Structure formats: C-alpha cells, structure tokens
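Asker: Pasted the sequence and its predicted model underneath.
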Amino acid sequence: MHVSPFPEVGVVGSGPAGRRLADLLAASGRRVVVLGRDFTADQLGGCGLVIEAVPEQAKQSVLDALDRLCCETTVLATTAVPVRVSPPRPDRFLAVQFCGPAARTGLLEINAPAGGHPALTAVADAFAADLSRAGLKVRSGTGCAEAANAVAVAMLRDAAAMVADGYVTAEDLDAAMRAGAGMAVGPMRLMAEMGLGPGSAGSRGSVPLGTPHPVRKVAVVGTGTMARGIAEVFVSAGFDTLVVGRSAERLAGDAFAVSTDYTTLADRDLVVEAVVEDLAVKREVMALIDLECRPGAVLATTTSSLPVVEIALATSRPHDVVGLHFFNPAPVMELVEVVRTSHTGADVLATALRVCADLGKSPVVCGDRAGFIVNRLLFPCLNATLALLDGLNPGDLDTAVRAALGLPLGPLRLLDVVGTDVALEIQRSLRQATGDAPAPMLERLVADGVLGSKNGRTVRKALAGARA
C-alpha cells in the first residue's frame, strides 16, 4: 500500500511560487493550508511539512517564525534558489526549488541538504515521486536547480545590461531570442516572471529611421551554402536577383542570374556580401563591391561574428553599410539581426528593415558588438553550463537549464547540434566582450574529438562516460 509523505502541507506565501505549489500539492491529493506571513501555531498544527514561498528579503524571518511555532517533528522547506538562508532546523529541512519562473517552468526539484536526518533523503525521493503524478516533472537529489538558475540569471542580467546600454530594445531582444534561440518567452519577460526586475516594462525604445531607398535589383556575392540560401530567399520574394562569385559552375541550374564579373553589380540597389567568415577576405570583397556599385546603393555584410564596422571601413562609404545576419538555413529561419554601426545611415537602416519585411523575415536591430544578440547571450550560457558540471549529472543539469530558460534543447544537446568546435570559436570571439574564457571542459571536448552530431560523438554521452 502506497503511503504519501506529508498528507498535510502548509504553504506560506501567495505569489507565483506559492500558488503553483498549492495547486500541485492539492492535485496530488494533499490537504493544503495556504497562509500569509501572519500565522499561528494552531494553523500549522496538522502540517508535517511547511514550505515558505515568500520574497527573498522575508525568507529568513518567516523560517525563524515557523521554527518557533511548528512542532519539533515538522519539516521546514525553502523555495530559495540558491539557498542563502540559515536553516533553523538543519536536520529537518528541504529545498523545494523551481527551475526557472514558478508560474511557467516544467521542472521542480526537491533536495535534502547534507547533514539532514538520515531518513529525510528517502522521504524527499518519495515526496518527489508522488508529486510527479500530479502533472509536473518533479525530481529529487540532483542538486541541479541552483546551477541551472545561476546559468539563467547570468543570461538575464546580460540581457538587461544590453537593453540598459541602448544596444537593443527590450522588444527586439525578446523577439530575437524567441526566434533565434527558441526560447518560450524572451529574456526580459522571463526576468520579470522570475522577480528579478521590471523586464520590458519601462524599457521601450526605438532606433531613429530615415526614408528607405527603393530596392528592386539585388546581388549576393558568394557561392557557399549561406549565399545560395539568401539568394533563394530574394528570388522567392520577387526580387531581380544576381549572384556573383568565383565559380559560375557552382551555381548552374539555380533560379537566379550568375556572374563572375563584379562590374555586373553596377545597377544593383542592394548588394549582400556572403563570403567566408574571415575578416581579411570580407574586407577585400567589400572593397571590390564598393568600387563597382553606384552611389546610393546599400551594401550589406552577412557576418555572424566579425565587427561590421571593420568591414564597412574597407569601403569609401561606411554610412551605406549595414549588417544583415541571416540565420541558417536562410530560407527557413525568420530571424535577421540588422546590425547598425556608428556610421550606418538612418536611411540605410530603414532600407534594410524594409527589405527584410519584404522577404517575410522578422528583423531585429542591434548595435555592432561581438555576437550581436543571439550568439552573445546563448553561447555564454552553453559555456557556463559546462563550467558548472563538476559533481553534477550532465543529463540532469541539461534538463534543468532547459527548463529554467524555456529552451527547446538543453545546452549540452544544443552543443551537439552546433558543434563543440564552432561553439569554442564563438566563445573565443566573445571573450573580449564577456570577459569569460572558454570552459576548460569545452576545450577538452574539442581536443578529444567530441564534436557533436557532425561526427557522432555527442557531448552528453562523452560526459556520462567520463563520469562513470
């Protein structure tokens, strides 16, 4: 016969965490006593477990009051992540921690800190298993909630700093991370839901725009996968599209005109550079484009990681240059990061946005910093997850970070998709901006040939094998 631990539970606090806990406990068949911060011993008398779910600044005083009023066998619990409170009865104390915002997350962890009653770990395991039957994934003993929330909070604070600096608007930042990283909600909204700040409230802004130029004739310079994909997008949207590259044979049979002669760029309204991701090569190509294009033509670079201004300064008209970071595959991904440098003209920025809209894309505007928006926020998250793995189960941490940030894949699975070698190069390029070196584990994985899906040696499998 199954006996449920804690048939009667008290919950102190009526915020998102308190309400979610009360609903979960009630759905599991328990009697739930929901209390405000003023409670009596009589109200707590039948509770075998009392969980505080109050704001951070009130947690310690509430726990101390519960210790005075509850009978000595009652187990107390905190929702603090991380646990910064001093447990008033360490032998009978649990951490009941949501991974991410309580109202949204799909994961709750119940952990018995070291030094507790010998039977408490088994009770926590049984309690978690029992609550899992009520519709929310609940697990115990992994210790991953604090690490996952630390990764999430670091990303959210970086996002807030980008908005505060005027680098990107809150709306564009959230839109970029939903479309480019697959987050269920953007970082600014997530920050508000986790009680870490106002989120997008009061952060609205816009970038001054000029009058867009008419664009009918477009050229894409490059013959690689990304160049071909971008050209296909322009053709599908009805633009007169020309592709210029070193080898016309590589483009034969496609639905656009091809050329190896840069002088054919002379009548183009917009020219998109999409050659290899190498600064010297991009500068050389952009200088050639500059020589052949008419005055007033808009010049764009598709760089995903290089300074747009350095590419723009290879031309005689940096005010006409803008970044258009298409995500791969270009025909499928809707997001385009439109990167403005300190030289980019307001009319050029307006033209880029109009073209993106005509392509059916979702453009977001940002300044010219390493990683732009999505890579700048996402790859430090992957790096931090690897840095926090010590002593934790890789699969458990992967799941916890995924839940905390509302990602479609956990960081370790995402590393498999992206490739650890690519992630390492991006993290190195971000080091000056973030101050964070690549995690030693990331460098070790690349050195050991664990590159992810591209060579069949996946990160989680490699880490699990090393841990065994």
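Answerer: Happy to help now that I have it.
Asker: Next, Leu63: secondary structure please.
Answerer: helix (DSSP: H, G, I helix; E, B strand; the rest coil).
Asker: Thought Ala77 was touching it, still the case?
Answerer: No - taking Cβ atoms under 8 Å as the definition, Leu63 is not a contact partner of Ala77, at 9.1 Å. In this view, the C-beta of every residue, glycine as well, is placed from N, C-alpha and C.
Asker: These two: who's more crowded?
Answerer: The neighbour count for Leu63 versus Ala77, taken as other Cβ atoms under 10 Å, is higher for Ala77 (29 against 23).
Asker: could you dump stretch 255-272 to CSV, C-alpha only?
Answerer: Extracted in CSV, the C-alpha atoms of stretch 255-272 (Å, rounded to 0.1, in the frame of the first residue of the first chain):
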residue,chain,number,x,y,z
ALA,A,255,16.7,30.3,-60.4
PHE,A,256,18.9,33.4,-60.5
ALA,A,257,21.4,35.1,-62.8
VAL,A,258,25.0,34.3,-62.1
SER,A,259,28.3,36.1,-62.9
THR,A,260,32.0,36.1,-62.0
ASP,A,261,32.3,39.7,-63.0
TYR,A,262,32.0,42.4,-60.3
THR,A,263,31.2,45.1,-62.9
THR,A,264,27.7,43.5,-63.1
LEU,A,265,27.0,45.0,-59.7
ALA,A,266,26.8,48.5,-61.2
ASP,A,267,23.0,48.6,-61.5
ARG,A,268,22.2,46.9,-58.2
ASP,A,269,20.2,48.7,-55.4
LEU,A,270,21.4,46.3,-52.7
VAL,A,271,24.5,44.1,-52.6
VAL,A,272,24.8,41.4,-49.9
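Asker: How about that stretch, which residues are buried there?
Answerer: Using 16 or more other Cβ atoms under 10 Å as the burial criterion, the residues of stretch 255-272 that qualify are Phe256, Ala257, Val258, Tyr262, Leu265, Arg268, Asp269, Leu270, Val271, Val272.
Asker: before we move on, back to that, joint contacts of Leu63 and Ala77?
Answerer: Glu52 (Cβ atoms under 8 Å, 6 or more residues apart in numbering).
Asker: Tell me where the model's unsure across the stretch 351-468 of the chain.
Answerer: For the stretch 351-468 of the chain, applying pLDDT under 70 flags the ranges 466-468.
Asker: again, but for the chain
Answerer: 1-4, 197-207, 248, 252-254, 466-468.
Asker: remind me, longest helix of it?
Answerer: helix 145-164 (DSSP state H).
Asker: any idea of the angle the very next helix or strand once past that helix forms with helix 145-164?
Answerer: Downstream of helix 145-164, the first helix or strand assigned by DSSP states H and E is helix 170-181. Helix 170-181 and helix 145-164 are oriented at 130 degrees to each other (axes from the mean of the first three to the mean of the last three Cα atoms, to 10 degrees).
Asker: Name the residues of helix 170-181 that come out as buried.
Answerer: For helix 170-181, by 16+ other Cβ under 10 Å, it's Ala170, Glu171, Asp172, Leu173, Asp174, Ala175, Ala176, Met177, Arg178, Ala179, Gly180, Ala181.
Asker: again, but for stretch 107-125
Answerer: So, applying 16+ other Cβ under 10 Å, buried residues of stretch 107-125: 107-113, 116, 120-121, 123-125.
Asker: Out of those residues, which is nearest to Ile373?
Answerer: Leu107 (26.2 Å; Cβ to Cβ).
Asker: Could you tell me how far the closest one is located from Glu193?
Answerer: Distance, Leu107 to Glu193, by Cβ to Cβ, to the nearest Å: 15 Å.
Asker: on that earlier part again, just the buried residues of stretch 107-125 now: which is nearest Gly456?
Answerer: The closest of these to Gly456 turns out to be Leu107 (Cβ to Cβ; 28.8 Å).
Asker: Can you give me the distance of the closest residue to that closest one other than its chain neighbours to Gly15?
Answerer: Excluding the flanking residues, the one nearest Leu107 by Cβ to Cβ, 6 or more residues apart in numbering is Ala403, at 3.7 Å. Distance, Ala403 to Gly15, by Cβ to Cβ: 19 Å.
Asker: more neighbours, these two?
Answerer: Set Ala403 next to Gly15 and count neighbours by other Cβ under 10 Å: Ala403 wins out with 25 against 14.
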